[in-house]
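Peer 1: My questions are about this predicted structure, shown below with the sequence.
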Amino acid sequence: MVTSYNSEKDCVLINGGQVGTIDLKKIPVNRYEVGNILRKGDIFTIPTKEKMKENTFMQIWQGREVYGIFVTKKDGSLIKLFFNTLTRSVTPCNEDCSDIPNAKEVFSSGTIVEIYLKFKDAEESLNAIAGKTCIVSGVQPVRCRRIRTRNGNMEQYAGNQHVYQIDEVIQNL
């Protein structure tokens, strides 16, 4: 991981992504997709409210800004949790990218996702799940239309997008 400080923007950059000065009020909570980072059974902790802003990041993914937070896995390692992992919506398609008649969208789910989706912006949503320990209870690969760039040209293809079930870990007393 490459970490640097950008004095002009007063922010930390990690692997080229800006961290810590993102206005979470300006990020709407809506469904769209981006890469796969989690495995079934992964346990991680969302940063506390006090640590939330310093753990936020933005990076460019396929030409658009995507936002997330660094979360701590059970083994102590940090991973990126993209906000859209919690808001994912995927429509299945055939191998040739044609529509599947009456196909139903597949949505991210779980108790953490339900809490996150109750609010209108990322700041409110993250405050509601701050400090919670989470488990990836399920991962469902869904074949859907994807877009990639090859030799400077955008092309559509059928590929898997993972849709997650993320639940809160309830501690036994």
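Peer 2: Alright, I've got the coordinates.

Peer 1: how deep is the nearest residue to Thr72 once chain neighbours are set aside tucked in, by neighbour count?
Peer 2: Spatial nearest neighbour of Thr72, chain neighbours left out: Thr45 (5.0 Å); criterion: C-beta to C-beta, 6 or more residues apart in numbering. Every C-beta, even on glycine, is put in place using the N, C-alpha and C of the backbone. By the criterion of other C-beta atoms under 10 Å, Thr45 has 15 neighbours.

Peer 1: So Thr45 sits against Asp75, correct?
Peer 2: No - applying C-beta atoms under 8 Å, one finds Thr45 not in contact with Asp75, separated by 11.6 Å.

Peer 1: what about the strands in the protein?
Peer 2: In the chain, the segments counted as strands under DSSP state E are 3-6, 11-14, 17-19, 43-45, 56-61, 64-73, 78-82, 89-90, 106-107, 133-150, 153-168.

Peer 1: so which of these gets nearest Ile115?
Peer 2: Closest to Ile115 of the strands of the chain is strand 153-168 (C-beta to C-beta; 7.9 Å).

Peer 1: Can you tell me what sits against the closest one?
Peer 2: Residues outside strand 153-168 that contact it (C-beta atoms under 8 Å, 6 or more residues apart in numbering): 33, 36, 38, 85-86, 88, 90, 93-97, 106-113, 115, 132-149.

Peer 1: The residues you listed, buried ones only, as a PyMOL selection?
Peer 2: A single PyMOL command selects the buried members of those (16 or more other C-beta atoms under 10 Å):
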select buried, resi 33+38+85+86+88+90+93+106+108+109+110+111+112+113+132+133+134+135+136+137+138+139+142+143+144+145+146
